[in-house]
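A.B. asks: quick one, what's the 3D model for this:
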Amino acid sequence: METNKNDSEKYLQAKKQVEKIKGFYRNLTAYFIVIVSLAIINLSTSPEYLWFFWPLFWWGIGLAFHAMKVFNYMPFLGSNWEEKKINELMENEKNKNY
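C.D. replies: This is a model prediction of the structure:
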(Lines give C-alpha, C1' and ligand atoms only; values in the text may rest on other atoms or scores of the structure.)
Protein backbone atom coordinates (compact mmCIF):
# COMPACT_ATOMS: atom_id res chain seq x y z
CA MET A 1 0.00 0.00 0.00
CA GLU A 2 2.75 2.46 0.99
CA THR A 3 4.77 1.55 -2.12
CA ASN A 4 1.82 2.38 -4.39
CA LYS A 5 1.43 5.76 -2.70
CA ASN A 6 5.14 6.54 -3.12
CA ASP A 7 5.04 5.41 -6.73
CA SER A 8 2.02 7.57 -7.51
CA GLU A 9 3.64 10.58 -5.82
CA LYS A 10 6.83 9.99 -7.80
CA TYR A 11 4.76 9.68 -10.97
CA LEU A 12 2.99 12.98 -10.29
CA GLN A 13 6.29 14.73 -9.56
CA ALA A 14 7.82 13.32 -12.74
CA LYS A 15 4.76 14.40 -14.72
CA LYS A 16 5.04 17.95 -13.32
CA GLN A 17 8.73 18.03 -14.23
CA VAL A 18 7.97 16.87 -17.78
CA GLU A 19 5.38 19.67 -18.08
CA LYS A 20 7.99 22.20 -16.94
CA ILE A 21 10.47 20.87 -19.49
CA LYS A 22 7.84 21.03 -22.24
CA GLY A 23 7.09 24.62 -21.24
CA PHE A 24 10.76 25.49 -21.48
CA TYR A 25 11.06 23.96 -24.95
CA ARG A 26 7.94 25.86 -26.09
CA ASN A 27 9.54 29.05 -24.80
CA LEU A 28 12.79 28.18 -26.59
CA THR A 29 10.94 27.49 -29.85
CA ALA A 30 9.02 30.77 -29.61
CA TYR A 31 12.30 32.56 -28.86
CA PHE A 32 13.94 31.31 -32.03
CA ILE A 33 10.90 31.98 -34.22
CA VAL A 34 10.39 35.50 -32.89
CA ILE A 35 14.08 36.46 -32.92
CA VAL A 36 14.55 35.21 -36.49
CA SER A 37 11.40 37.09 -37.55
CA LEU A 38 12.58 40.26 -35.81
CA ALA A 39 16.01 39.93 -37.40
CA ILE A 40 14.45 39.61 -40.87
CA ILE A 41 12.20 42.63 -40.24
CA ASN A 42 15.09 44.65 -38.83
CA LEU A 43 17.52 43.82 -41.64
CA SER A 44 14.95 44.51 -44.35
CA THR A 45 13.66 47.81 -42.92
CA SER A 46 16.56 49.47 -41.09
CA PRO A 47 19.81 47.54 -41.41
CA GLU A 48 21.84 50.52 -40.18
CA TYR A 49 20.53 50.01 -36.62
CA LEU A 50 20.37 46.43 -35.37
CA TRP A 51 17.63 46.78 -32.78
CA PHE A 52 16.69 43.08 -32.80
CA PHE A 53 19.71 42.45 -30.57
CA TRP A 54 17.82 44.02 -27.64
CA PRO A 55 15.03 41.43 -27.47
CA LEU A 56 17.55 38.73 -28.35
CA PHE A 57 19.65 39.71 -25.33
CA TRP A 58 16.92 40.36 -22.72
CA TRP A 59 14.66 37.46 -23.68
CA GLY A 60 17.80 35.30 -23.83
CA ILE A 61 18.61 36.19 -20.23
CA GLY A 62 15.08 35.26 -19.19
CA LEU A 63 15.35 32.03 -21.15
CA ALA A 64 18.62 31.18 -19.42
CA PHE A 65 17.01 31.66 -15.99
CA HIS A 66 14.03 29.58 -17.10
CA ALA A 67 16.41 26.78 -18.16
CA MET A 68 18.29 26.93 -14.85
CA LYS A 69 15.04 26.65 -12.93
CA VAL A 70 13.61 23.80 -15.03
CA PHE A 71 16.81 21.76 -15.07
CA ASN A 72 17.60 22.44 -11.39
CA TYR A 73 20.89 24.20 -12.06
CA MET A 74 21.35 27.14 -9.73
CA PRO A 75 25.02 28.02 -9.33
CA PHE A 76 24.02 30.80 -6.93
CA LEU A 77 21.25 30.81 -4.34
CA GLY A 78 20.40 27.16 -4.97
CA SER A 79 19.05 24.65 -2.47
CA ASN A 80 22.56 23.99 -1.12
CA TRP A 81 22.98 27.68 -0.42
CA GLU A 82 19.63 27.84 1.35
CA GLU A 83 20.50 24.96 3.65
CA LYS A 84 23.93 26.44 4.47
CA LYS A 85 22.41 29.87 5.17
CA ILE A 86 19.72 28.40 7.42
CA ASN A 87 22.35 26.52 9.42
CA GLU A 88 24.51 29.63 9.64
CA LEU A 89 21.63 31.77 10.89
CA MET A 90 20.60 29.13 13.42
CA GLU A 91 24.19 28.89 14.66
CA ASN A 92 24.42 32.69 14.98
CA GLU A 93 21.15 32.77 16.92
CA LYS A 94 22.36 29.99 19.21
CA ASN A 95 25.63 31.88 19.89
CA LYS A 96 23.69 35.08 20.74
CA ASN A 97 21.69 33.27 23.40
CA TYR A 98 24.83 32.13 25.25
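
A.B. asks: so where do the helices sit in this protein?
C.D. replies: For the chain, the helices defined by DSSP state H cover 2-45, 53-70, 79-97.

A.B. asks: so can I have JSON lines of these showing mean neighbour count and mean pLDDT?
C.D. replies: Every C-beta, even on glycine, is put in place using the N, C-alpha and C of the backbone. Below are these laid out as JSON lines (neighbours: other C-beta atoms under 10 Å; pLDDT from 0 to 100):
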{"stretch": "helix 2-45", "mean neighbour count": "11", "mean pLDDT": "93"}
{"stretch": "helix 53-70", "mean neighbour count": "13", "mean pLDDT": "95"}
{"stretch": "helix 79-97", "mean neighbour count": "9", "mean pLDDT": "81"}
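
A.B. asks: centroid residue for this protein?
C.D. replies: Taking C-alpha atoms, centre = their mean, the centroid of the chain lies closest to residue 66, which sits 2.3 Å from it.

A.B. asks: my guess is that residue meets residue 24, correct?
C.D. replies: Yes. With contact defined as C-beta atoms under 8 Å, residue 66 and residue 24 form a contacting pair (5.6 Å).

A.B. asks: any residues in contact with both of those two?
C.D. replies: With contacts taken as C-beta atoms under 8 Å, 6 or more residues apart in numbering, residue 66 and residue 24 have no neighbour in common.

A.B. asks: residue 50: what's it in contact with?
C.D. replies: Residue 50 makes contact with 42-43 under the criterion C-beta under 8 Å, 6+ apart.

A.B. asks: mind running it again at 7 Å?
C.D. replies: Listed by C-beta atoms under 7 Å, 6 or more residues apart in numbering, the contact partners of residue 50 are residue 42.

A.B. asks: leaving out sequence neighbours, find the closest residue to residue 24.
C.D. replies: Counting by C-beta to C-beta, 6 or more residues apart in numbering, residue 70 is the residue found nearest to residue 24 once chain neighbours are left out, at 4.5 Å.

A.B. asks: separation between the one you found and residue 29?
C.D. replies: 14 Å (C-beta to C-beta, to the nearest Å).
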